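Visitor: After the sequence you'll find the predicted model.
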Amino acid sequence: MDVRTAAEQTPTDRNRHVDLLRASAITVVVIGHWLAAVVIVDNGVDGQNALSYLSWSHPVTWILQVMPLFFLVGGFSNGMSLTSHYQRGGDNAGWLLSRSARLLRPATTFLVLLAAFGTTARLLGADPSDVALAVWAASIPLWFLAAYSALVFLAPFLYAAHRRFGLGFPAAVAVVVLVLDVARLQFDVPLVGGANYLLVWLVFHQIGFAWQDGTITVRPAALAASAVAGLALLIALTSIGPYPVSMVGVPGEDLQNTAPPTFALVVLGLTQAAVALLLERPANRFLQRRGPWTAVVAVNAVVLTMFLWHMGAAVVSAVALYPTGIMPEPAVGSGEWLLLRLPWVVFCAAVLTVFIVLFARIEAKTTGTSKGRAVGRGEVVSGLRLPGWAWQAMTGLGIAGVLGGLLIVANSGRSDEHVTGLAPLALVAYLTGAGLLRLARYRHTTTSHPGDR
């Protein structure tokens, strides 16, 4: 089905604002990463972050840091999907296997091709340090995929927690985030901040559940007051309190709001969520128009492909423009540098478009198989005579392998020790996990009863 047909066939009761938020957030992330990229050519190509040079831009990150909105929309979408799945008589295993496929097929393609690029470049004699930098930069989006995949795999249990505790659950988690910040920043308790890599995003995921099922009602006055209060608290936390102004990591700073995520980032996300809910009704009215809605559908059709490949597009653009001298290197922050951001973004967008043309079909194929239909040669798997617990163990090990592999990639710096540019353990863990989940998915789709489909 093409984009125009999909847009025309959209049900009238669909909350189109959710799709707009997703499309807008991915666009902000992609362009924001490109704008912040500083390419330096000096005995090789190196990369830096413009935020390290431009302190005046740090308050702008309050708008550009849109990851809370991603997880808010993720919770809304997962809640809608789980509700529909349970109403059809489906089980948790079926939902997990189907939902994970939508993430893992595009991600597996990305990882395999990235590893192939690193290996090929090394074999052709490229400098190992340059290859390591290129692979590391291209793999930056995987940190988000690691956190989001974890919440997807936990979604059935988080959904049950929402049904039982409602908004009390994310409120309690937000308090835990604050307590962990106090323990880390005031009492130097080691390691505790690591939990916030999941807990902060969980807050917004649960709010997404509440938005989807109507637990949160849209009351403009209350939402406006919440947004103003959140902004005031955020100003206090970053001026009087200990948190830095930038809501995006600034290399070299001792304290950052993203590594690990902090309570200040929770406050920013809650403020953004209030604004997003406040705009729901006017946005849905606006998106009844064919043109704007078709554009939103087009972006959402390739949203994961855009996200996975946008830093790869920046790497290709950097290699094509800077060592060749096509793009000059004025001082960061100068008028000339700011003006050159426009052709730089345009070139990156052109390269990303090529990647989308090449790989978006994988994402489209995944979306088409999301309702439980068997994919591949499921009849081969159905012939495997394994007890039920063995298939459950296979699913669990698959999830652990995928998450473990993504976490290793997300937490690994650049290293020229690895032939592919990626840690071998990460590749082995991820591909083994993805393979086990694929095997379990075949078995589930060939043996499940109609209600699971």
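Guide: Alright, I've got the coordinates.

Visitor: Quick check: Gly405 touching Leu431?
Guide: Yes. Contact criterion CB atoms under 8 Å: Gly405 and Leu431 qualify, at 7.3 Å. (Glycine included, C-beta is placed from N, CA and C.)

Visitor: more crowded one of these two?
Guide: Neighbours were tallied for Gly405 and for Leu431 using other CB atoms under 10 Å; the higher tally belongs to Gly405 (26 against 17).

Visitor: any idea which helix or strand carries the more buried one?
Guide: In the assignment (DSSP states H and E), Gly405 maps to helix 388-411.

Visitor: Tell me the first helix or strand C-terminal of that helix.
Guide: helix 424-447.

Visitor: and that next one with helix 388-411, angle?
Guide: 140 degrees (axes from the mean of the first three to the mean of the last three CA atoms, to 10 degrees).

Visitor: What is helix 424-447 packed up against?
Guide: Contacts of helix 424-447 with other secondary structure elements, assessed using 3 or more CB pairs under 8 Å, 6 or more residues apart in numbering; DSSP states H and E, are made with helix 92-123, helix 378-382, helix 388-411.

Visitor: follow-up on the earlier one: give the other helices and strands that the helix holding Gly405 contacts.
Guide: Under the contact criterion of 3+ CB pairs under 8 Å, 6+ apart, helix 388-411 touches helix 92-123, helix 142-165, helix 424-447.

Visitor: at 10 Å instead, please
Guide: Where contact means 3 or more CB pairs under 10 Å, 6 or more residues apart in numbering; DSSP states H and E, helix 388-411 is packed against helix 92-123, helix 142-165, helix 196-212, helix 424-447.

Visitor: Could you pull out the buried residues of the helix or strand just after the second one?
Guide: Downstream of helix 142-165, the next assigned helix or strand under DSSP H and E is helix 168-185. Under the neighbour-count criterion of 16 or more other CB atoms under 10 Å, helix 168-185 has 169-170, 173-174, 176-178, 180-181, 184-185 buried.

Visitor: Dump the residues you listed to CSV, plus distance to Val409 and pLDDT.
Guide: Putting the buried residues of helix 168-185 into CSV (distance: CB to CB, whole Å; pLDDT from 0 to 100) gives the following:
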residue, distance to Val409, pLDDT
Phe169, 30, 97
Pro170, 28, 97
Val173, 26, 98
Ala174, 28, 98
Val176, 27, 97
Val177, 25, 97
Leu178, 30, 97
Leu180, 25, 96
Asp181, 26, 96
Arg184, 25, 94
Leu185, 28, 94
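
Visitor: now the helices and strands packed on helix 388-411 in a markdown table, with mean pLDDT?
Guide: Conversion of those to a markdown table gives the following (pLDDT from 0 to 100):
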| stretch | mean pLDDT |
| --- | --- |
| helix 92-123 | 92 |
| helix 142-165 | 95 |
| helix 196-212 | 96 |
| helix 424-447 | 85 |
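
Visitor: most packed of the ones you listed?
Guide: Per residue and on average, the most neighbours among the helices and strands packed on helix 388-411 fall to helix 196-212, with a mean of 25 (mean count of other CB atoms under 10 Å).

Visitor: Any idea which helix or strand in the chain has the lowest mean pLDDT?
Guide: When the helices and strands of the chain are scored by mean pLDDT, DSSP states H and E, helix 378-382 comes last with a mean of 42.

Visitor: show me where the stretch 201-350 of the chain has helices.
Guide: 220-239, 263-278, 280-286, 290-301, 303-321, 335-368 (DSSP state H, counting those that start in this stretch).

Visitor: Tell me which of the ones you listed sits nearest to Ala107.
Guide: With respect to Ala107, and counting by CB to CB, the nearest of those is helix 303-321 at 6.6 Å.

Visitor: what angle do that closest one and helix 142-165 make?
Guide: Between helix 303-321 and helix 142-165, the angle comes out at 160 degrees (the same axes, to 10 degrees).

Visitor: Now do helix 303-321 against helix 92-123, angle only.
Guide: With the same axes, to 10 degrees as the criterion, the two stretches helix 303-321 and helix 92-123 enclose an angle of 10 degrees.

Visitor: which parts of helix 303-321 are buried?
Guide: Buried residues in helix 303-321 (16+ other CB under 10 Å): 303-318, 321.

Visitor: who does that helix touch, helix- and strand-wise?
Guide: When contacts are defined as 3+ CB pairs under 10 Å, 6+ apart, helix 303-321 packs onto helix 16-36, strand 37-41, strand 45-49, helix 92-123, helix 128-138, helix 142-165, helix 335-368.

Visitor: name the helices or strands packed onto the longest one?
Guide: To tie it back to what came earlier, the one meant is helix 335-368. helix 16-36, strand 37-41, helix 92-123, helix 290-301, helix 303-321.
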